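Colleague: Take this sequence and fold it.
(2 chains)
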Amino acid sequence: DAKTTQPPSMDCAEGRAANLPCNHSTISGNEYVYWYRQIHSQGPQYIIHGLKNNETNEMASLIITEDRKSSTLILPHATLRDTAVYYCIVRIYTDKLIFGTGTRLQVFP
Amino acid sequence: KAGVTQTPRYLIKTRGQQVTLSCSPISGHRSVSWYQQTPGQGLQFLFEYFSETQRNKGNFPGRFSGRQFSNSRSEMNVSTLELGDSALYLCASSSEVTSGRLREQFFGPGTRLTVL
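Modeller: Now for the predicted structure:
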């Protein structure tokens, strides 16, 4: 599985958009980009995934660059409950998730 | 639908003992994966079971083992516990693939194991 690089931490004001970047420059054509988050000591929670098109669901939007070497997770209106560690993962057809160190997002009032 | 459940939630053992952790997947899910989370190593994949067969294995010593039953419930076992086995053990389940989409994994709350 391709390796991902994320900033270790980010801050965001409540109500503002949180944009979390991820680099996956060695991604191959059949690898998907997945995002999970983990709120303190709970199990990771699935957020969104995509292959090459931008995706949106009720939680977030995922923007993948045309060359697929990087992506951005967007939380449009961050709340205090969005404070968590966010993991960007690339995976192929397997349930084996390779977690990196993630980005610790702190949403402040 | 009930989520993934793990028992027990907390466990304290001493070095040299063995431990068995249990995971009940979401109803209808046939794939169960296990992960270990420690402050030093982060989240690491242990193994994955599908229809009672181990399909994927991470880079852990043979002291870590698992199995899956016909009802998809899974157990993992750690023998001869070491201090470094203290961790949050997470179980995740997923369903069959539909329409070629990769399936989401749903995680349980974890079992926090402390080895003294």
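
Colleague: From here on, just use CA atoms for contacts and neighbour counts.
Modeller: Noted.

Colleague: do you know how far residue B:55 is from residue B:20?
Modeller: 20 Å (C-alpha to C-alpha, to the nearest Å).

Colleague: try residue B:110
Modeller: Taking C-alpha to C-alpha, one finds residue B:110 at 13 Å from residue B:20.

Colleague: Comparing those two, which residue is more hemmed in?
Modeller: Comparing residue B:110 with residue B:20 by other C-alpha atoms under 10 Å in any protein chain shown, the one with more neighbours is residue B:110, at 30 against 13.

Colleague: near chain B, which residues of chain A?
Modeller: Selection of chain A residues close to chain B by C-alpha under 8 Å from any C-alpha of the partner chain yields A:42-46, A:93, A:95-101.

Colleague: what phi and what psi does the backbone show at whatever residue of chain A ends up closest to chain B?
Modeller: In chain A, the residue that lies nearest chain B is residue A:43 (4.8 Å; C-alpha to the nearest C-alpha). Dihedral pair for residue A:43: phi -70, psi 150, per degrees, to the nearest 10.

Colleague: Return the residues in contact with residue A:16.
Modeller: By C-alpha atoms under 8 Å, 6 or more residues apart in numbering or on different chains, the residues touching residue A:16 are A:76-78.

Colleague: which among the residues of chain A next to chain B end up buried?
Modeller: Buried subset of the residues of chain A next to chain B (neighbour count, 16 or more other C-alpha atoms under 10 Å in any protein chain shown): A:43-46, A:95-101.

Colleague: Least confident of those residues?
Modeller: Within these, the minimum per-residue pLDDT falls on residue A:95 (71).

Colleague: residue closest to the middle of chain B?
Modeller: residue B:34 (2.8 Å; C-alpha atoms, centre = their mean).

Colleague: tell me the secondary structure for the closest residue to it other than its chain neighbours?
Modeller: With C-alpha to C-alpha, 6 or more residues apart in numbering or on different chains as the criterion, residue B:34 has its nearest non-adjacent residue at 4.5 Å, and that residue is residue B:91. Three-state call for residue B:91 (DSSP: H, G, I helix; E, B strand; the rest coil): strand.
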